[in-house]
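Asker: just coords:
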């Protein structure tokens, strides 16, 4: 799962579970049945986990583009010995 | 959210948190229910009334108990426990409570009832104070919800009097 996919999965999970919770509570309250609330919510949790937990293809539509190896070889890393004397100057 | 296990963990944790919240709101929703229970108990007969060899008074009653406790039931009610107690004061004890009958009401359908019963548990005084004693019959109930706090209340019915003489 890529970065975008993880973000999507988390938001989708929160939205779906919250919606199921609201629908389950209202249905249970209106019908006067606690059991109905639990059943609807349990179904919602199962459905959400089927949608969120497996690594579905639509979570992998923004793959990271790594640099091609041949391209990387054209820009070799600086030799470690050169930057030896000043180690603390390397900043990110 | 990077692995199968972590997604399962996050989902389950969030789902259970929401479930706890739903249960809490369900418990709060019980407060919107207005209670209007009523009960009526008639002492049909004093079957016998005597002094035991230990010196304590004992009485046996026939009771007609009718009650409508339907308003105690909400969607969050598991069951209701009811008991009928005789309550009276004596010089030694300011309040004596003797449970005469009890029952468990499992659902709203059974909450409106009429029964004829003898006292299920023995009505014995600690001493010999029952002759001519005025007493209350109190219907107590304990509501046991599916989620949330258990609560209790009662209806006091007064104006019952035992006979002056043993029989």
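Answerer: Received it, and whenever you're ready, just let me know what you need. Since the structure is predicted, the reported quantities are computational estimates derived from the model, not experimental observations. Residues are numbered from 1 along each chain as shown, chains lettered A, B, ... in the order given.
Asker: where in chain A is pLDDT low?
Answerer: Where chain A drops to pLDDT under 70, the residues are A:80-92.
Asker: moving C-terminal of the biggest helix by length in it, what's the next helix or strand?
Answerer: The longest helix of chain A (DSSP state H) is helix A:3-31. The helix or strand immediately downstream of helix A:3-31 is helix A:34-52, counting by DSSP states H and E.
Asker: what's the first helix or strand after that following helix?
Answerer: Past helix A:34-52, the next helix or strand by DSSP H and E is helix A:69-74.
Asker: which outside residues touch that next one?
Answerer: Taking contacts as Cβ atoms under 8 Å, 6 or more residues apart in numbering or on different chains, no residue outside helix A:69-74 touches it. (Glycine included, C-beta is placed from N, CA and C.)
Asker: mind listing what's buried in that helix?
Answerer: In terms of neighbour count (16 or more other Cβ atoms under 10 Å in any protein chain shown), helix A:69-74 has no buried residues at all.
Asker: please apply the same query to stretch A:53-73.
Answerer: Those would be A:53, A:59, for stretch A:53-73 by 16+ other Cβ under 10 Å.
Asker: repeat that for stretch B:92-104.
Answerer: So, applying 16+ other Cβ under 10 Å, buried residues of stretch B:92-104: B:96, B:98, B:99, B:100, B:101, B:103.
Asker: am I right that the third one sits in a strand?
Answerer: In other words, residue B:99. Yes. Assignment of residue B:99 by DSSP: H, G, I helix; E, B strand; the rest coil places it within a strand.
Asker: for it, list the residues it contacts.
Answerer: With Cβ under 8 Å, 6+ apart, residue B:99 has these contacts: B:83, B:84, B:85, B:121.
Asker: how about residue B:115: what's its closest non-neighbour residue?
Answerer: Nearest non-adjacent residue to residue B:115, counting by Cβ to Cβ, 6 or more residues apart in numbering or on different chains: residue B:65, 5.3 Å away.
Asker: can you give me the helices for chain B?
Answerer: According to DSSP H, chain B carries its helices in the segments B:4-29.
Asker: okay, the residue nearest to residue B:48 when sequence neighbours are not counted: pLDDT?
Answerer: In space, residue B:48 comes closest to residue B:60 once its chain neighbours are excluded; the distance is 5.1 Å by Cβ to Cβ, 6+ apart. With respect to pLDDT, residue B:60 scores 93.
Asker: tally up the residues packed near residue B:60, please.
Answerer: For residue B:60, the count of nearby residues is 14 (other Cβ atoms under 10 Å in any protein chain shown).
Asker: if I look at it, how far off is residue B:123?
Answerer: Separation of residue B:60 from residue B:123 (Cβ to Cβ, to the nearest Å) stands at 7 Å.
Asker: with residue B:40 instead?
Answerer: The gap separating residue B:40 from residue B:123 is 19 Å, by Cβ to Cβ.
Asker: neighbour count: these two, which is higher?
Answerer: Neighbours were counted for residue B:40 and for residue B:123 using other Cβ under 10 Å; residue B:123 has more, 18 against 14.
Asker: would you confirm that the more buried one contacts residue B:61?
Answerer: Yes. Using Cβ atoms under 8 Å, residue B:123 is in contact with residue B:61, at 6.5 Å.
Asker: need the residues touching each of the two.
Answerer: Common contacts of residue B:123 and residue B:61, defined by Cβ under 8 Å, 6+ apart, comprise residue B:100.
Asker: for residue 36, give me its contacts.
Answerer: Since no chain was named, I'll use chain A. By Cβ under 8 Å, 6+ apart, the residues touching residue A:36 are A:24, A:27, A:28.
Asker: my bad, chain B
Answerer: Each residue near residue B:36 by Cβ under 8 Å, 6+ apart is listed here: residue B:71.
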